[in-house]
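Peer 1: Need the 3D shape of this:
(chains A and B, ligands or ions: 2)
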Amino acid sequence: MIEVRNFTKIYDGVKVVDNISFNVRKGEIFGFLGPNGAGKSTTIKAMLGLIYPSSGEIKVNGFDITREGKHIRKHIGYLPENITFYDNLTALQTLYFYSDMRSIPRDNCWSLLEEFELREFANKKVGTFSKGMARRLGLVQAFLGKPKLVILDEPTVGLDPSGLIKVREKIKSLKKSGTTVFLSSHILSEVQKVCDRVGIMNKGLLVAVDAVANLTKETSLEEVFMKYTRR
Amino acid sequence: MYDIILPIAKKEFLDNVRNKWVILLSLLFIILTCVTSYFGSTGKPGWHALHDTIRLIASPINLLIPIIGLMLGYATIAGEREKGSLHLLTVYSPVRSQIIIGKFIGLATVLLTAMLIGFSMSGIIIGLNAGWTGWPSYLLFVIESFLLGCTFLSISILLSSFFKTRSKAMGATIFIWFLFTIIWSMIIAGLLLATFSMEDSLGETLPHWFYISDFFNPSRIFSSTILMITSTSHNQLPWYYNIYSLNLATFVWITVCIVLSTIIFKKMDI
Ligand SMILES: Nc1ncnc2c1ncn2[C@@H]1O[C@H](COP(=O)(O)OP(=O)(O)OP(=O)(O)O)[C@@H](O)[C@H]1O
Ligand SMILES: [Mg+2]
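Peer 2: Ligands and ions are numbered 1, 2, ... in the order given. Next up, the predicted model:
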C-alpha cells in the first residue's frame, strides 16, 4: 500500500530523515515509533504529499504521491499531529466541508459523531471545543467516507480512557474491513494491542521494522524500543 | 475539478457572510456613495446626478477598495498555514492550484455581493433623488471598482502564499497599499518634474513612459478608466492607452498574481 524508497528530508541543511525505506502492506496496521524529534511526522507528511522529499520517492497504492497524488488522495483519511479546524464552523459544518472537498456523501457524518460521542456537540462551534473534543473530531474526519488508507499521527494524544478504547476498537474494526492503517504513537501498550508490524525511528534513521510478534518474543515492546533508540 | 474549487469558494464566501463582512461592506458602500453624492462638492448640500457622483467618489473608492481587497486575502493562506488547518485542506485537495482558485473565487464573490448590494441601493437612492441619467456610466464604474478589488485581492493572495506568517503578509500588504495608492504618484510626479520641462514642450503630450507606467499600477489603471468613462473631451492620448488596453492590463494583473501564487503554493512544504 505504501512504499517508501530512500526517503530523505533536509531542513536548513539538517537531515531530519535520512535515507529510509520500508513498505506498508495492504490491510495491515502499521505502528510508527520513535522518540520526540525522530522524524515520524516528517515522514508522514511526505507520505501525504504535504512536503517534498529532498531525495527518494514515496508511492501510495502504486502512485507517486508528489506527482500522481490526485489519483489516490480521495482514498486517504488523515489525522494531523496538531489538528486545527475553522473556529467559526460547527462540528457538523466542518465535517460537511471535508466531505464536500473529498466528494464523499455527507451521510456518515452523524454516525461517526455518535461513535465518538460528539453527537450532542454537532452544532457547537469548533472554536469552543476542548482539546480532546477537537482531537475526537479530527478522528471522525479521518474516518469519513470509508478511506482505503488511514494515516493517524498520534491518534490517542489528549484522549480520555474511553476515547482511547474507542480508537482501539475503531482500528480493529477497520482492519476487519480491509483498511490499511498507519499510525504513529508513543503509547507502546496501545501499539502492541493493535499493530501488526512496527517501524522504529531514531534520529532520522529507521532502526527496525518487524512484526510486533517477532519483536516481543523475548522481551516487552518497551525494552525493544529502549534498545533501538538508545542515544 | 470543480469538486474542490466549489466547496472552498463556498466556504470562503459563507465565512464572510457569517462574520458579517458582506453586510458591513455593503453598508459602507451605501453610506460612502450617498454621503459623497449629497455632500460631495463645495456649495450647499444636495444630490448629484449619477454621473457627477462617480467623479466625486472615484478617489475615495480608489483608496478604499484596495484596502478591502487586500484585507480579504492577506491571511487566506498564511493564516491557515500558521494555524495548521492548511494541512487537511492540502491533503484533501488533489491539486493545490484549486485551493488558490477556490479561495480567489470565494473572496471575489464576497466583494461582488457587497458591491452589488451597496452600489445598487445607493444607485437607486441617487436615481430617485437626482434622476437616472448617466446610469450606464455608473454601471461601468461599479464593474471597474470590482475589477480593482479583484486585482488587489489577487495581489494579497500572492503575498499570502509567499509569506510564511500572517503578520509578515500583513506587513507586505500595508506596504503594497502605500506603494500603489500613495507613494507611486509622488514618485511619478517627481520624475516628471525632473525630466520634463513644461515650458519647452507646452502643448505637447506627456512622455510615453508616463503612460506606460500606469499599466504597472492597478490603482492608476482604475483612475484612468474612470476618467475616460466620465469625461467627454479626450486630450491627446497615445494609441495604446485606452479603456480596452487598461482593462486588459487588469486581467493580466489578476492572472499573473494567481498563477504566481499557485506556483509558489505548489512548491511549498506545508
Ligand atoms: N518545518 C521544519 N523546519 C525545520 N525543521 C523541522 C521542520 N519540521 C520538523 N523539523 C525538525 O525535524 C525533526 C523531526 O521532526 P518530526 O516532527 O518529524 O518528529 P517526530 O518524530 O514526529 O516527533 P514527535 O514525537 O515529537 O512528534 C525535528 O528535529 C524537528 O525540529
Ligand atoms: Mg510527530
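Peer 1: Does B:Ser41 belong to a helix, a strand or coil?
Peer 2: coil (DSSP: H, G, I helix; E, B strand; the rest coil).
Peer 1: Looking at B:Met198 now. What's its pLDDT?
Peer 2: pLDDT recorded at B:Met198 is 59.
Peer 1: Counting neighbours, what do you get for the residue of chain A found nearest chain B?
Peer 2: Closest residue of chain A to chain B, Cβ to the nearest Cβ: A:Lys70 (3.3 Å). Using the backbone N, CA and C atoms, a C-beta is placed for each residue, glycine as well. Per other Cβ atoms under 10 Å in any protein chain shown, the neighbour tally for A:Lys70 reads 15.
Peer 1: for the one 4 residues further on, same thing?
Peer 2: The burial count assigned to A:Lys74 is 17, neighbours taken as other Cβ under 10 Å.
Peer 1: which residues touch it?
Peer 2: Shown in contact with A:Lys74 (Cβ atoms under 8 Å, 6 or more residues apart in numbering or on different chains): A:102-104, B:94.
Peer 1: any idea which of these has the most stuff around it?
Peer 2: A:Arg102 (23 neighbours).
Peer 1: ok so the residue of chain A closest to chain B is a strand residue?
Peer 2: No. Under three-state DSSP, A:Lys70 falls outside any strand and is assigned helix.
Peer 1: from the contacts of A:Lys74, which is closest to ligand 1?
Peer 2: Distance to ligand 1, by Cβ to the nearest ligand atom, is smallest for B:Pro94 among these, at 22.9 Å.
Peer 1: one step back: quick check: closest non-adjacent residue to the residue of chain A closest to chain B.
Peer 2: Take A:Lys70 and drop its neighbours on the chain: the residue closest to it by Cβ to Cβ, 6 or more residues apart in numbering or on different chains is B:Pro94, 3.3 Å away.
Peer 1: which residues touch that neighbour?
Peer 2: A:69-71, A:73-74, B:4.
Peer 1: Please identify the residue of chain A positioned nearest to ligand 2.
Peer 2: Nearest to ligand 2 in chain A, going by Cβ to the ion, is A:Ser41, at a distance of 3.1 Å.
Peer 1: any idea how far A:Arg73 is from that residue?
Peer 2: As judged by Cβ to Cβ, to the nearest Å, A:Ser41 and A:Arg73 stand 18 Å apart.
Peer 1: Likewise for B:Asn16?
Peer 2: For B:Asn16 relative to A:Arg73 (Cβ to Cβ), the value is 27 Å.
Peer 1: element containing the residue of chain B found nearest ligand 2, please.
Peer 2: With Cβ to the ion as the measure, B:His87 is the residue of chain B nearest to ligand 2, at 12.4 Å. B:His87 belongs to helix B:86-92 when assigned by DSSP states H and E.
Peer 1: just checking, what packs against that helix?
Peer 2: In this structure, helix B:86-92 packs against strand A:76-79, helix A:91-101, with contacts taken as 3 or more Cβ pairs under 8 Å, 6 or more residues apart in numbering or on different chains; DSSP states H and E.
Peer 1: Comparing those, which comes out most buried?
Peer 2: Burial of the helices and strands packed on helix B:86-92 is given as mean neighbour count (mean count of other Cβ atoms under 10 Å in any protein chain shown); strand A:76-79 ranks first at a mean of 25.
Peer 1: just to revisit the earlier point, which of the contacts of B:Pro94 lies closest to ligand 1?
Peer 2: Using Cβ to the nearest ligand atom, the contacts of B:Pro94 come closest to ligand 1 at A:Gly69, 19.7 Å.
Peer 1: residue ranges for the helices of the chain, please.
Peer 2: Answering for chain A, as no chain was given. Secondary structure of chain A (DSSP state H): helices at A:40-47, A:91-101, A:109-115, A:131-143, A:161-176, A:188-194, A:212-215, A:221-228.
Peer 1: Oops, wrong one, chain B.
Peer 2: Using DSSP H, helices in chain B cover B:2-18, B:21-39, B:50-73, B:78-83, B:86-92, B:97-130, B:135-162, B:166-178, B:184-195, B:208-214, B:218-230, B:243-267.
Peer 1: before we move on, back to that, spatially nearest residue to the residue of chain A closest to ligand 2 (excluding sequence neighbours)?
Peer 2: A:Glu81 (5.0 Å).
Peer 1: For that neighbour, what are phi and psi?
Peer 2: Backbone geometry at A:Glu81, expressed as degrees, to the nearest 10, gives phi -60, psi -50.
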